[in-house]
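Student: starting from these lines, generate the structure:
(one chain, ligands or ions: 2)
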Amino acid sequence: MAHFDLVIIGTGSGNSIPGPELSHLRIAIVEDNLFGGTCLNVGCIPTKMFVHPAELADAARHGRALGIDAQLNAVDWKGIRDRIFARIDAIEAAGRAYREGPDCANVSVFAGHGRFTAPKHLSVSLHDGGTEVITAEKFVLAAGSRAVVPDIEGLLDPGVTVHTSDTIMRIDALPASIAIVGGGFIAAEFAHVFSSFGVAVTQIARGPALLRNQDRDVSEQFTQEAAARYEVLLEASVEQVTAGGSGVVLEVKGPHGHRTVTAELLLIATGRQSNADSLGAEAAGIAVDDAGRVVVDEYQRTSAEGIFALGDVSSAHQLKHVANHEARVVQHNLTHPRSMMAADHRFIPAAVFADPQIASVGLTEEQAGSQGIPYAVNTQRYADIAAGWAREDTDHFLKVLADPVTGQLLGAHIIGPEAATIIQPLIHAMSFGQSAHSVARGQYWIHPALSELVENALLGLPEPTGG
Ligand SMILES: Cc1cc2nc3c(=O)[nH]c(=O)nc-3n(C[C@H](O)[C@H](O)[C@H](O)COP(=O)(O)OP(=O)(O)OC[C@H]3O[C@@H](n4cnc5c(N)ncnc54)[C@H](O)[C@@H]3O)c2cc1C
Ligand SMILES: NC(=O)c1ccc[n+]([C@@H]2O[C@H](COP(=O)([O-])OP(=O)(O)OC[C@H]3O[C@@H](n4cnc5c(N)ncnc54)[C@H](O)[C@@H]3O)[C@@H](O)[C@H]2O)c1
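Tutor: Ligands and ions are numbered 1, 2, ... in the order given. Okay, here's the model as predicted:
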């Protein structure tokens, strides 16, 4: 049995913890899969590497209204896929080699699955055979989450091929058609990518709109545009899946009765669940909540002494920037036990990299209303700022919510070009407590840039009443 000062389970954001500050510690890193975790290998990075070529492929659609008559001749899927994964796989291999190499002499890498058998006893089933039990003073659980595959009749039958985001990006050829089950982030981004590449997409969502966690106006606008681009079945549930035709046959129940959907490929995008269960958290005395996530306090401490957790394994916000922030907090708290820092979860932004793009931070209008929080609201259309007008963008907008007394921002929701970039000054204002009008008038805004959307949205809010 080997003993360490610190064991880290998971090499997503967990891999950023060992550094010069911890060079005096004997550290074990346990990784059951690809080095670098979800974001690098099967998440944020490869998806966005597909999104950019998708935008280029789809440019002709947007050009038409502005007098550009272009067409997409071909998509070299294999070339795109191999370029993307050649770059990613090299980073994965280099990351593992770095941690195993002489530059990290205090770090031991265990390739295998870790499971607690007793408090601070982790049994690692090694990939190259055998089991090793490791113990430590401190542990960091950074084991992430995994795709959920719902219980649908026939889904697991032999002959039915089911893709999740883990596998869909490595397929050998573009299908003629794809059925995508789910109405959230992953479904939106892959529907955009495949549709842009000329694949016939059918998206099946159980709710009455797509991206229902967004502000309602954003969700409705997105749903309308998605439905104009590809087939969207709402309030629909897949009752049965069989192998057939050139791929799968889905029996779908919807508001207007039964529909049979056939597609070459099937992508399931119905959420992700914490990997706390496969860690054997209970055996280590680590509390897990009803959603299956490790419970943490503001310092990212679990209920077990000396055990911290971060990222998807413990967070309801399954976002890389959240996992990274929490990793920084855990790293600080490991080295400063007497002056721990709390994680800052006040204003967590997120973006959907589809077309149109979406970005949001803070309260939606519905949340402010249902929580009885007074708010002033302004919706600024892209069409009414110079850069949006020039593009003839008539559909998209930024909605801002602010405290009517202080002018502090409560929420911001953008649907439209460059939303993920444009939103940043609003995240900044919320994080640093700057009021809407001081942000709007306390700086220059480059003319005629899309960022004037923010300036005008803020100026359109009523002057705060004081306080
Ligand atoms: C398709 C997709 C696109 C995404 N796009 C974005 C995006 O654009 N922006 C964004 O902010 N977020 C995005 N996310 C979410 C983001 O990837 C995650 O929130 C983030 O990667 C979580 O990091 P983590 O360190 O908590 O876990 P992970 O990166 O998942 O790392 C956990 C690691 O632990 C390992 N592990 C698990 N259990 C064990 C065990 N018992 N023993 C040993 N090892 C174990 C796993 O193999 C994994 O490598 C996306 C996710 C997906 C799936
Ligand atoms: N751009 C980004 O930041 C980005 C991109 C992709 C993923 N992610 C992260 O990954 C997480 C997982 O993404 P996701 O799209 O899988 O989850 P999600 O929570 O965004 O959406 C899940 C969807 O599946 C539906 N669903 C759930 N169970 C179902 C069932 N049994 N049958 C049919 N539909 C069902 C839900 O109604 C919802 O529409 C997201 O929560 C997000 O945090 C982020």
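
Student: and the residue of the stretch 351-467 of the chain nearest ligand 1?
Tutor: Ligand 1 sits closest to Phe353 of the stretch 351-467 of the chain, with a gap of 6.0 Å, by C-beta to the nearest ligand atom. In short, each C-beta sits where N, CA and C put it, glycine included.

Student: so the residue lying closest to that residue once chain neighbours are set aside is in which element?
Tutor: Closest residue in space to Phe353, ignoring its immediate chain neighbours: Val51 at 4.8 Å, by C-beta to C-beta, 6 or more residues apart in numbering. Assigned by DSSP states H and E, Val51 belongs to helix 44-63.

Student: what is that helix packed up against?
Tutor: Where contact means 3 or more C-beta pairs under 8 Å, 6 or more residues apart in numbering; DSSP states H and E, helix 44-63 is packed against helix 77-100, helix 185-196.

Student: need those helices in a markdown table (columns: mean neighbour count, distance to Ile307 and mean pLDDT).
Tutor: Formatted as a markdown table, those follow (neighbours: other C-beta atoms under 10 Å; distance: least, C-beta to C-beta, whole Å; pLDDT from 0 to 100):
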| stretch | mean neighbour count | distance to Ile307 | mean pLDDT |
| --- | --- | --- | --- |
| helix 77-100 | 15 | 21 | 98 |
| helix 185-196 | 25 | 29 | 98 |
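
Student: closest one to Leu334 among the ones you listed?
Tutor: helix 77-100 (17.4 Å; C-beta to C-beta).

Student: residues making contact with that closest one?
Tutor: Contacts with helix 77-100, where a contact means C-beta atoms under 8 Å, 6 or more residues apart in numbering, come from 11, 15, 18, 29, 31, 34-36, 40-41, 45-46, 49-50, 53, 104, 107, 109, 169-174, 197.

Student: distance between that helix and the chain's centre?
Tutor: 20 Å (C-alpha atoms, centre = their mean, to the nearest Å).

Student: quick check, that helix touching ligand 1?
Tutor: No: using C-beta under 6 Å from any ligand atom, helix 77-100 never reaches ligand 1; the gap is at least 10.0 Å.

Student: what are the ranges of the helices in the chain?
Tutor: 37-42, 44-63, 77-100, 185-196, 216-229, 320-335, 365-370, 386-391, 419-422, 424-431, 436-441, 452-459 (DSSP state H).

Student: write out the residues of this protein neighbouring ligand 1.
Tutor: So far as C-beta under 6 Å from any ligand atom goes, the chain lies against ligand 1 at 9-14, 30-33, 37-39, 43-44, 47, 113-115, 142-144, 165, 186, 275, 278-279, 311-313, 318-321, 323.

Student: can you flag the buried ones in the residues you listed?
Tutor: Neighbour-count burial (16 or more other C-beta atoms under 10 Å) is assigned, among the residues of the chain next to ligand 1, to 9-14, 30-33, 37-39, 43, 47, 113-115, 142-144, 165, 186, 275, 279, 311-313, 318-320, 323.

Student: so where is the chain shaky, pLDDT-wise?
Tutor: The chain contains residues with pLDDT under 70 at 467.

Student: domain parsing for it?
Tutor: Here the domain assignment for the chain is 2-147+273-335, 168-270, 356-459, based on automatic domain parsing.

Student: for the stretch 151-300 of the chain, which residue gets nearest to ligand 1?
Tutor: Counting by C-beta to the nearest ligand atom, the stretch 151-300 of the chain gets nearest to ligand 1 through Ser165 (3.6 Å).

Student: please tell me how far that residue sits from ligand 2.
Tutor: Distance, Ser165 to ligand 2, by C-beta to the nearest ligand atom, to the nearest Å: 7 Å.

Student: from memory that residue sits against Ala269, does it?
Tutor: Yes: between Ser165 and Ala269 there is a contact under C-beta atoms under 8 Å: 6.6 Å.

Student: what do the two both touch?
Tutor: Counting by C-beta under 8 Å, 6+ apart, the residues touching both Ser165 and Ala269 are 147, 186, 190.

Student: let's have those in CSV, adding distance to Arg87.
Tutor: Shown next, in CSV, are these (distance: C-beta to C-beta, whole Å):
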residue, distance to Arg87
Ala147, 23
Ile186, 21
Phe190, 20
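
Student: near ligand 2, list only the ones from these.
Tutor: Filtering the shared contacts of Ser165 and Ala269 for proximity to ligand 2 (criterion: C-beta under 6 Å from any ligand atom) leaves Ile186.

Student: just the shared contacts of Ser165 and Ala269 now: which is nearest ligand 2?
Tutor: Ile186 (3.4 Å).

Student: residues contacting the closest one?
Tutor: 47, 165, 269.

Student: how close does it get to Thr164?
Tutor: Note on Ile186: its distance to Thr164, by C-beta to C-beta, to the nearest Å, is 8 Å.

Student: who touches both of these two?
Tutor: Contacts common to Ile186 and Thr164, judged by C-beta under 8 Å, 6+ apart, are Ala269.

Student: in CSV, list the helices of the chain along with distance to Val252.
Tutor: Below are the helices of the chain laid out as CSV (distance: least, C-beta to C-beta, whole Å):
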stretch, distance to Val252
helix 37-42, 27
helix 44-63, 26
helix 77-100, 27
helix 185-196, 15
helix 216-229, 16
helix 320-335, 33
helix 365-370, 28
helix 386-391, 37
helix 419-422, 31
helix 424-431, 39
helix 436-441, 45
helix 452-459, 38
